[in-house]
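Asker: what's the 3D shape of this:
(4 chains)
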Number of protein chains: 2
Amino acid sequence: MQTPHPKISFKEQMHQARENAILQTTCRLLGEKAFDAMTMDDVANDVGIAKASLYKHFASKEELCCTAMVQILERVQAYLHGLPATMEPVDKLRALVRWSLERLISDEMPLLPSRNSSLRAVLMANKPYLDGLIAVSDQIGHWITEAQAQGRIDASLPPLVVLYTLYARACDPVVGFLKEGGQYSDAEIVELVLRTCFDGLAAR
Amino acid sequence: MQTPHPKISFKEQMHQARENAILQTTCRLLGEKAFDAMTMDDVANDVGIAKASLYKHFASKEELCCTAMVQILERVQAYLHGLPATMEPVDKLRALVRWSLERLISDEMPLLPSRNSSLRAVLMANKPYLDGLIAVSDQIGHWITEAQAQGRIDASLPPLVVLYTLYARACDPVVGFLKEGGQYSDAEIVELVLRTCFDGLAAR
DNA sequence: GTCTATATGACGATAGAC
DNA sequence: GTCTATCGTCATATAGAC
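Answerer: Below you'll find the model as predicted:
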């Protein structure tokens, strides 16, 4: 693509940069609080623009949050695709949960919204989000059945149960509990939660 | 205590009965939706009284929900106290999580609010709730260390991590995911989630 | 103590000047 | 496209009649 009019291209760049700033702020705020608790004033103030300007970029609060979530899904897909092909399926699953826990602990939005119930309904009515979620779930689903065939994941658990459990642990509230306590480092918390997810509480 | 004026006693009974109805409705609604999403109109309409009457019983939405949560804590304490003394500590822990999952799956409020973030802040500022939570946590904490000493719970996990994990699993969102799918009975879902909690996803 | 009716404030969304 | 100022709506909480 050519840029015969640099000035227009510059304006578009500004526009894009602002839109990215809005989405980044949205991701952070949705990581900190629930969809209902996050207001459009919060987003506008944090980005440093007027609320009306926000509505020039996104037609509604729902559209803004859906776009942010679709972006997260795209990033996780890129991350999953970038995992070395030689990696064991079960280790890919661990890596996925770790990626999401690290986002969660740094107050960014994890793979799935952790503090939410009403956002869920909005997302489930959004085709781009659903498509992305299905793509990710398919990818994970393959690794689950492979890991079960290799005897690394409990083969007596239905794959769907494993998938849902991975999604749930990727935004495990235990992370927040432990972080509040303040006696473990972020890295320690991630490893502890990963262990409770894959190894369970019972002694082995 | 004597009741020289039966009529007053009757009035008090009515008052108490209405208050119980209010609390029961609150427990159900808080099991179905988040604190922010539940309105005082919802509660009043469901109980069948005017909203203003609600405020004669409870000074605020926060006070109402705190009272409901304290009642849950009292019930769980009664349940824990009623467990047979001969029961293994690890089985008492399982029973606790099962009790809460069964409440969760029947849309009553579980041991901890599952769909919430803003209610948490309210509860953490409420002394009666905190006292009850500490009492329950102490009881559970003893069982955890006993179970670890018996080699039934992974002794390399800090007891606090086990405690928080039990609380988190007691309102595990996987229950809701699986229930929506509709291919498992409530009892099956409870058992599956219990297994992922204590045995983990990895094969043993 | 219960009701109807309303005050108050927050939030999503928009109008209109620049 | 950005801003200030505002509308419409809904939820908490209360006033005041009965």
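Asker: which one is A:Ile49 nearest to, not counting chain neighbours?
Answerer: A:Arg18 (7.1 Å; CB to CB, 6 or more residues apart in numbering or on different chains). To be clear about C-beta, it is placed using only N, CA and C from the backbone, and glycine gets the same treatment.
Asker: same deal with A:Leu30?
Answerer: A:Leu30 sits nearest to A:Met109 (CB to CB, 6+ apart), 4.7 Å away.
Asker: the one you found reaches A:Gln71, doesn't it?
Answerer: No. Counting by CB atoms under 8 Å, A:Gln71 is not a contact partner of A:Met109; they are 9.4 Å apart.
Asker: elements contacting the helix or strand containing A:Gln71?
Answerer: Applying DSSP states H and E as the criterion places A:Gln71 in helix A:61-82. Contact partners of helix A:61-82 among helices and strands, from 3 or more CB pairs under 8 Å, 6 or more residues apart in numbering or on different chains; DSSP states H and E: helix A:6-32, helix A:40-47, helix A:89-105, helix A:118-124, helix A:127-149.
Asker: hmm, the shortest one touching chain B?
Answerer: Spelled out, it's helix A:118-124. Yes. Helix A:118-124 lies within reach of chain B by CB under 8 Å from any CB of the partner chain, at A:Ser118.
Asker: residue ranges with poor pLDDT in chain A?
Answerer: A:1-9 (pLDDT under 70).
Asker: which non-adjacent residue is nearest A:Asp172?
Answerer: In space, A:Asp172 is closest to A:Val193, 5.4 Å off (CB to CB, 6+ apart).
Asker: before we move on, what about A:Gln71?
Answerer: A:Leu23 (5.9 Å).
Asker: do the same with A:Arg120
Answerer: A:Pro113 (7.1 Å).
Asker: and that neighbour, helix, strand or coil?
Answerer: Classification of A:Pro113 using DSSP: H, G, I helix; E, B strand; the rest coil returns coil.
Asker: would you check that A:Ser117 makes contact with B:Arg115?
Answerer: Yes. Counting by CB under 8 Å, A:Ser117 touches B:Arg115, with 4.5 Å between them.
Asker: more neighbours, those two?
Answerer: Neighbour totals were compared for A:Ser117 and B:Arg115, and B:Arg115 leads with 25 against 20 (other CB atoms under 10 Å in any protein chain shown).
Asker: phi, psi for the residue in chain A that chain B sits nearest to please.
Answerer: The minimum distance from chain A to chain B, using CB to the nearest CB, falls at A:Gly200 (3.0 Å). Torsion angles at A:Gly200 (phi, psi; degrees, to the nearest 10) stand at phi 80, psi 180.
Asker: can you check A:Ser60 too?
Answerer: phi -160, psi 170.
Asker: tell me, how many residues neighbour it?
Answerer: 11.
Asker: now it: how far from A:Leu23?
Answerer: Between A:Ser60 and A:Leu23 the computed distance is 15 Å (CB to CB, to the nearest Å).
Asker: how about stretch A:29-44 and DNA strand C, touching?
Answerer: Yes. Shown here: stretch A:29-44 in contact with DNA strand C (CB under 7 Å from any atom of the strand) through A:Met38, A:Thr39, A:Met40, A:Asp41.
Asker: quick revisit: next, the contact list for the residue nearest to A:Ile49, please.
Answerer: A:Val47, A:Ile49, A:His57 (CB atoms under 8 Å, 6 or more residues apart in numbering or on different chains).
Asker: show me which residues of chain A are close to DNA strand C?
Answerer: Near DNA strand C, when you scan chain A using CB under 7 Å from any atom of the strand, you find A:Met38, A:Thr39, A:Met40, A:Asp41, A:Lys51, A:Ala52, A:Tyr55, A:Ala59, A:Ser60, A:Lys61, A:Glu62.
Asker: buried subset of the residues you listed, written for ChimeraX?
Answerer: Only the buried entries of the residues of chain A next to DNA strand C go into this ChimeraX selection, using 16 or more other CB atoms under 10 Å in any protein chain shown:
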select /A:38,40,61,62
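Asker: output the residues of chain A next to DNA strand C as CSV; include the columns distance to A:Leu157.
Answerer: Formatted as CSV, the residues of chain A next to DNA strand C follow (distance: CB to CB, whole Å):
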residue, distance to A:Leu157
A:Met38, 35
A:Thr39, 41
A:Met40, 42
A:Asp41, 45
A:Lys51, 47
A:Ala52, 51
A:Tyr55, 46
A:Ala59, 42
A:Ser60, 39
A:Lys61, 38
A:Glu62, 35
